[in-house]
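K.L.:
any chance you can model this:
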Amino acid sequence: MFFDIGAGEMIGLAVLAVILVGPERLPRLTQDLAKIVRKLRQYAQSATGELRENLGPGFEDLQPSDLNPKKFIQRQVSQALENEDSTVQDLKDIKAAIDPDLL
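P.N.:
Okay, here's the model as predicted:
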């Protein structure tokens with residue numbers, strides 16, 4: 001589930017919340033927590049949008065997970081290898097197109 005918490009643990013946390021907060025204040029607390037989560041999600045989306053806007057063209061499909069350094073390096077290396085493969089293939093095509101009688 002969420003944060004690797006199972007169903008039994010969620011039930012235990014709910015019972016603990018009812019005991020600590022009290023059943024009369026629990027609905028208000030959950031509403032406040034939902035508002036906070038919505039606000040945080042909104043901030044994250046606006047920050048991602050501003051980052052895409054500031055980086056300029058070519059970054060329209062940027063995802064926050066793309067900013068993970070490990071994934072970023074892997075993507076750059078795979079793109080470099082693809083470019084190298086296409087360059088090698090282009091050289092082979094040129095070599096095949098040269099007439100050996102002219103050499």
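K.L.:
excluding its backbone neighbours, what's nearest the most centrally placed residue in the chain?
P.N.:
Central residue of the chain (Cα atoms, centre = their mean): Ser65, 2.2 Å from the mean position. Leaving aside its sequence neighbours, Ser65 sits nearest to Lys71 (Cβ to Cβ, 6 or more residues apart in numbering; 6.5 Å). Every residue, glycine included, has its C-beta placed from N, CA and C.
K.L.:
for the one you found, the count of nearby residues, please.
P.N.:
12 (other Cβ atoms under 10 Å).
K.L.:
name the SS class of it, please.
P.N.:
At Lys71, secondary structure determined by DSSP: H, G, I helix; E, B strand; the rest coil is helix.
K.L.:
list the contacts of Thr48.
P.N.:
By Cβ atoms under 8 Å, 6 or more residues apart in numbering, the residues touching Thr48 are Leu62, Gln63, Pro64.
K.L.:
ok, the second one - contacts?
P.N.:
In this case it means Gln63. Taking Cβ under 8 Å, 6+ apart, one finds Thr48 in contact with Gln63.
K.L.:
how much space separates it from Gly8?
P.N.:
33 Å (Cβ to Cβ, to the nearest Å).
K.L.:
likewise Glu24?
P.N.:
Applying Cβ to Cβ to Glu24 and Gly8 gives a distance of 26 Å.
K.L.:
Leu20 too?
P.N.:
19 Å.
K.L.:
then Gln74?
P.N.:
37 Å.
K.L.:
compare these two (neighbour count), which wins?
P.N.:
For Gln74 versus Gly8, the count of surrounding residues by other Cβ under 10 Å is larger for Gln74: 11 against 8.
K.L.:
show the backbone phi and psi for the more buried one.
P.N.:
phi -60, psi -40 (degrees, to the nearest 10).
K.L.:
domain parsing for this structure?
P.N.:
1-62, 68-103 (automatic domain parsing).
K.L.:
for the ones you listed, give me TSV that also has mean pLDDT.
P.N.:
Below are these laid out as TSV (pLDDT from 0 to 100):
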stretch	mean pLDDT
domain 1-62	84
domain 68-103	69
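K.L.:
how about Gly58, secondary structure?
P.N.:
coil.
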